[in-house]
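Participant: Predicted structure and sequence below. I'll ask about it afterward.
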2 protein chains.
Amino acid sequence: MAEKVYRTELTPLSFLSRSAYMFPDKEAVVYGDRRYSYKEFEERVNRLASRLSDAGFQKGDRIAFLCPNTPPMLEGTFAIPAAGLVMVTINTRLSAGEVEYIIEHSKSKMVFVDHELEDLLEGVDESVERIRIDDTGEEGDPYEDYLAEGSAEPGPSVLEDEEEVISVNYTSGTTGRPKGVMYTYRGAYISALGNVIETQMNYETRYLWTLPMFHCNGWTYPWAVTAVAGTHVCLRKVEPGRIWDLFESEEISHYCAAPTVQIPLANHDGKRELDQQVTAVIAGYVPTPTLLNQLLELNVRPIHTYGLTETYGPMTTSAPRKEWEEKDPEEHARLLARQGQGYVTADLVRVVDDDMNDVPLDGETMGEIVMHGNMVMKGYLDNEEETEKSFKGGWYHSGDLAVWHPDGYIEIKDRDKDVIISGGENISGVEVEQVLAEHPNILEAAVTAMPDEHYGERPKAFVTLKQGAETTEQEIIDFVKERIARFKAPAAVEFLDELPKTSTGKVQKYVLREREEESQNGQES
Amino acid sequence: MAEKVYRTELTPLSFLSRSAYMFPDKEAVVYGDRRYSYKEFEERVNRLASRLSDAGFQKGDRIAFLCPNTPPMLEGTFAIPAAGLVMVTINTRLSAGEVEYIIEHSKSKMVFVDHELEDLLEGVDESVERIRIDDTGEEGDPYEDYLAEGSAEPGPSVLEDEEEVISVNYTSGTTGRPKGVMYTYRGAYISALGNVIETQMNYETRYLWTLPMFHCNGWTYPWAVTAVAGTHVCLRKVEPGRIWDLFESEEISHYCAAPTVQIPLANHDGKRELDQQVTAVIAGYVPTPTLLNQLLELNVRPIHTYGLTETYGPMTTSAPRKEWEEKDPEEHARLLARQGQGYVTADLVRVVDDDMNDVPLDGETMGEIVMHGNMVMKGYLDNEEETEKSFKGGWYHSGDLAVWHPDGYIEIKDRDKDVIISGGENISGVEVEQVLAEHPNILEAAVTAMPDEHYGERPKAFVTLKQGAETTEQEIIDFVKERIARFKAPAAVEFLDELPKTSTGKVQKYVLREREEESQNGQES
């Protein structure tokens, strides 16, 4: 038999055709006053796919999208692969130079660009076709006119092998040139189902798009939410007040965000205890126990996950255990703030030493988190050297340092190898940050190494304060000393208006560290 | 790269190792006073797998299980494939001759047999090794002693390709010799995830084992429940009173059963409205609107699904649509009683004519349901002829007749081609049965054809009455005539103490039909 009756290549595009077939009148997309049913959503995707199919591209050609979380971004996530093409997502917070680099490196043939972001294409070669999205949803909007030229009927599938590439997501790494992370149809399908199960989405799900879709394809949620015929509530800008309103007016059940979005949300004036529980999926940086407890009090159920662009976003979860319920809230939140273990659809992750041996499961020995399986990227686009390096020993190397607890859960002690080595002792910046987050006046804190003649390095804290709050350096240092080993307390505290962050909201500790080193060198010279 | 970092073969065995790793102390198996944590459950599976690995079998050898829903049956479902062997499930209600046939046909090298079922092995060749299960869970039980010889440590995986066969489930078809339906690791994995999502299971799930595990590997629920680290509540015998007690004492969240189990359950003296909602997954025969409404009133949420042994059990669901809520309860239940469409993990199903063309989506034209994709069996064991026949035209042929509604949902009008052709009009026996089920005194009804000189065929109803209830043939005929087209009303009604059923509880309409034909021939001769 040439074609197997018992095999269909796994593709997340099947989720849309099935949901549109079974629930044509269900609300698929909400965006301000615009509302598309699943039938309409699918027709718009079909139009875009059909128009792209007619445009003369070759199978596998790359098409870029530079767009906030509007309906076109969601449509592109389905339509580009439906036309046999590969979507390249671009972080909207990058500089024009970085955008130019990504479009050039990915050899994108075409770019869809939101009208507010057109300036970012100034360096892009003229040969790359551009379609502007005016975000009106109406005739006269170049994107809408482009769609209108396509057919609303579904085209034939051109997928031959589920391991083909569906999209390329460029890493927002804190150092070096961005790398193009390749996702497969199989990986996207399996990861999306993993997210449905781990975050308990179902036919009632109403999902708020706080997480950028350009980030790891929105952690595969464009596909996951569609798999359960859920409703996508799109959001052009992340504004805490508006989010609190939408939680209630759109009866939101789920949203995803990094702590950098969760913190201002949980501290916003408009916050209130919700009647209907909302599930918040948190990843991107280690959440503090303080934040987790704040969310619980607002009837927001936090699910803590961890992953990287290279793992389709989250691939581990700190799935709560029954025995945690007996712990005090502080300890409970601390357990929840660990990275946990692999999704039901992932392999278990490991923490290894430099020779790829498992570190002892003692909760103390640091090692690198390595991953394997269907939730790991196919590799970096046109970058065999980096791919091989990151796949050394048959496992993907995250670069994140963690300990492995006796109960099998892992816990990141520092991302980006940001450990402070002080007088021969390793100090985890994250651990100190978690204590600082408990301080009533501190909004955010980052702890990094500062050079020290005697100890080699000492921790230094950079903090932002809550609105109107006041405190002193000494008071903060004492606060930490009362709570953890005294040698871990910051040797200095600097107050900032805001912490330096990457375009995806990760705190750039290396910026703080470099600044610190420069300032000390300046003093010395 | 010989081994792909980004690929792990899909296997439902990974669910057990992951759940045991993440939730070692969670209750995995409950059986009367016996309780196994996930750690203990996995250790028992490891012991059985290790013992089997040491027994000198070749990879792919078949091992049979003839056992009710006790812990060993559940353990075998994981341990046999873990040892690289293939599980053959045997229906415990078969005759000794049928059991002999299945063990011989499958070339099973060994059989695990419950102590109450040993007599069924009387015809089985002496060369087939037997392990008796005394169901004590203690030393001295041959099964337990066998386990004790194995190692509690997990062995190495011998799976090379996810399309290898994990198990063989013999069909309980109403005619002909049973056929051995082959399931793959990939299909089992994907089907199990489909069941998790469609029936909304999660880390809180407590599943009651009313559905036999020998039937389609328990519709893949041994794997699905384990995927969410749910609790398996085992059950040796299906007794309605005990089930009502367990719903409450074990805080059951989910169970599966055919209408033939649901009906006595919903009509049992011990029934009561439950405080905690239980999800009942129904498949195996068309549920009547009456049954669905009865369940809703008891706080049992029915999810209606449909499938065959050849589709890993359920592969379609009549997923409810919001607009149904506005319908009256009768109409709502009637919509829910349709077979719906494919699972999120399945391809959409079709209804086709003899030339494999789609029938019109008019809700009237009958055709055959055909299926395709990852939830279809690999084929029949050592039976290429039947495999090819059932895969004709690249789709699996269910043999079930249905109409295709304008809304895309399918509805079975008769299984097993059991249509009544009366004066040139097609009458659906199921439709008449659904009306009969509304009758306050009728417990179960089956409608089949009886030969008629004038019309060719006429419908005849066979009914069982509720305890203590009385009624007459004429009263029943009038009841039907008031509700649907008069020509569909039974020409005769026969009262039975019980309906003839297959070992899996399907009503054997062909038995009734044959009996009817013989009795008429008898009269004529």
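Facilitator: Yep, it's here. Numbers count the residues shown, from 1 in each chain, chains lettered A, B, ... in the order given.
Participant: Closest residue of the stretch 1-150 of chain A to chain B?
Facilitator: residue A:8 (3.9 Å; C-beta to the nearest C-beta). Glycine gets a C-beta too; all of them are placed from N, C-alpha and C.
Participant: for the stretch 401-525 of chain A, same thing?
Facilitator: residue A:408 (5.3 Å).
Participant: hmm, back to that, how about the residue of the stretch 1-150 of chain A closest to chain B: what's its closest non-neighbour residue?
Facilitator: residue B:373 (3.9 Å; C-beta to C-beta, 6 or more residues apart in numbering or on different chains).
Participant: is it true that the residue of the stretch 1-150 of chain A closest to chain B lies in a strand?
Facilitator: No: counting by DSSP: H, G, I helix; E, B strand; the rest coil, residue A:8 is not found in a strand; it is coil.
Participant: residue contacts, it?
Facilitator: A:14, B:347, B:372-374 (C-beta atoms under 8 Å, 6 or more residues apart in numbering or on different chains).
Participant: Nearest to residue B:449 among those residues?
Facilitator: Taking C-beta to C-beta as the measure, residue B:372 is the one of the contacts of residue A:8 closest to residue B:449, at 31.7 Å.
Participant: Count the residues that sit near the closest one.
Facilitator: 22 (other C-beta atoms under 10 Å in any protein chain shown).
Participant: what do you get for residue A:443?
Facilitator: 17.
Participant: do the one 5 residues further on as well
Facilitator: Other residues lying near residue A:448 total 27 when counted by other C-beta under 10 Å.
Participant: Close to chain B: what parts of the stretch 301-450 of chain A are there?
Facilitator: Contact residues, the stretch 301-450 of chain A versus chain B (C-beta under 8 Å from any C-beta of the partner chain): A:319-323, A:340-342, A:344-345, A:347-348, A:372-374, A:376-379, A:391, A:394-396, A:408-409.
Participant: residue ranges with poor pLDDT in chain A?
Facilitator: A:1-2, A:172-176, A:285, A:414-418, A:424-426, A:503-504, A:521-525 (pLDDT under 70).
Participant: How about the contacts made by the closest residue to chain B within the stretch 351-500 of chain A?
Facilitator: Residue nearest to chain B within the stretch 351-500 of chain A: residue A:373 (3.9 Å; C-beta to the nearest C-beta). By C-beta under 8 Å, 6+ apart, the contact set of residue A:373 is A:342, A:346-347, B:6-8.
Participant: Who are the packing partners of the helix or strand hosting residue A:431?
Facilitator: Element membership for residue A:431, per DSSP states H and E: helix A:429-437. Here helix A:429-437 touches helix A:289-297, strand A:410-414, strand A:442-452, strand A:456-465, helix A:473-481, going by 3 or more C-beta pairs under 8 Å, 6 or more residues apart in numbering or on different chains; DSSP states H and E.
Participant: what do you get if the cut-off is 6 Å, keeping everything else the same?
Facilitator: Contacts defined by 3 or more C-beta pairs under 6 Å, 6 or more residues apart in numbering or on different chains; DSSP states H and E place helix A:429-437 against strand A:410-414, strand A:442-452.
Participant: JSON lines for these, including distance to residue A:108?
Facilitator: Shown next, in JSON lines, are those (distance: least, C-beta to C-beta, whole Å):
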{"stretch": "strand A:410-414", "distance to residue A:108": "34"}
{"stretch": "strand A:442-452", "distance to residue A:108": "35"}
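Participant: what's the neighbour count on the closest residue to residue A:195 other than its chain neighbours?
Facilitator: If the residues on either side of it in the chain are set aside, residue A:195 comes closest to residue A:224, at 4.2 Å by C-beta to C-beta, 6+ apart. Using other C-beta under 10 Å, the number of residues around residue A:224 comes to 28.
Participant: Give me the neighbour count for the nearest residue to residue A:54 once chain neighbours are set aside.
Facilitator: Spatial nearest neighbour of residue A:54, chain neighbours left out: residue A:150 (7.3 Å); criterion: C-beta to C-beta, 6+ apart. Residue A:150 has 23 neighbours, counted by other C-beta under 10 Å.
Participant: which residues sit in contact with residue A:150?
Facilitator: Residues in contact with residue A:150 (C-beta atoms under 6 Å, 6 or more residues apart in numbering or on different chains) are A:47, A:50-51.
Participant: Looking at those residues, which is nearest residue A:272?
Facilitator: Closest to residue A:272, out of all of the contacts of residue A:150 and judged by C-beta to C-beta, is residue A:47, at 40.7 Å.
Participant: Just give the nearest non-adjacent residue to that closest one, would you?
Facilitator: residue A:150 (3.6 Å).
Participant: do residue A:332 as well
Facilitator: residue A:324 (5.2 Å).
Participant: same thing with residue A:21?
Facilitator: residue B:408 (5.3 Å).
Participant: What's the separation between that neighbour and residue A:17?
Facilitator: To residue A:17, residue B:408 is 11 Å away according to C-beta to C-beta, to the nearest Å.
Participant: can you check residue A:284 too?
Facilitator: In terms of C-beta to C-beta, residue A:284 sits 31 Å off from residue A:17.
Participant: picking that back up, these two touch, right, the residue nearest to residue A:195 and residue A:194?
Facilitator: No: in terms of C-beta atoms under 6 Å, residue A:224 does not count as a neighbour of residue A:194; the distance is 8.3 Å.
Participant: returning to that earlier point: would you mind telling me which of residue A:284 and residue A:17 has more residues around it?
Facilitator: Taking other C-beta under 10 Å, residue A:284 and residue A:17 do not tie; residue A:284 has more neighbours (26 against 21).
Participant: show me the contacts for the more buried one.
Facilitator: residue A:258.
Participant: Regarding it, what is its secondary structure?
Facilitator: Look at residue A:284: counting by three-state DSSP, its state is coil.
Participant: and it, how far is that from chain B?
Facilitator: 22 Å (C-beta to the nearest C-beta, to the nearest Å).
Participant: how long is stretch A:98-115 from one end to the other?
Facilitator: Across stretch A:98-115, the terminal residues are separated by 18 Å (C-alpha to C-alpha, to the nearest Å).
Participant: same thing with stretch A:115-133?
Facilitator: Rule used - C-alpha to C-alpha; the end-to-end distance of stretch A:115-133 is 6 Å.
Participant: what's the helix or strand for the residue nearest to residue A:195?
Facilitator: Going by DSSP H and E, residue A:224 is in helix A:221-227.
Participant: Report the distance from that helix to the chain centre.
Facilitator: 15 Å (C-alpha atoms, centre = their mean, to the nearest Å).
Participant: Show me the contact partners of that helix.
Facilitator: Where contact means C-beta under 6 Å, 6+ apart, the residues beyond helix A:221-227 that reach it are A:12, A:15-16, A:19, A:74, A:77, A:192, A:195-196, A:207, A:232, B:344.
Participant: Likewise for stretch A:468-482?
Facilitator: So stretch A:468-482 is in contact with A:435, A:439, A:441, A:489-490, A:493, going by C-beta under 6 Å, 6+ apart.
Participant: what comes up buried for it?
Facilitator: Within stretch A:468-482, the residues that count as buried by 16 or more other C-beta atoms under 10 Å in any protein chain shown are A:471, A:476-477, A:479-480.
Participant: Which two among these are spaced furthest apart?
Facilitator: A:471 and A:480 (12.4 Å).
Participant: what about the helices in the stretch 301-450 of chain A?
Facilitator: A:329-336, A:384-390, A:429-437 (DSSP state H, counting those that start in this stretch).
Participant: Could you check the angle the longest one makes with strand A:442-452?
Facilitator: Same thing as helix A:429-437. On the basis of axes from the mean of the first three to the mean of the last three C-alpha atoms, to 10 degrees, helix A:429-437 is oriented at 140 degrees to strand A:442-452.
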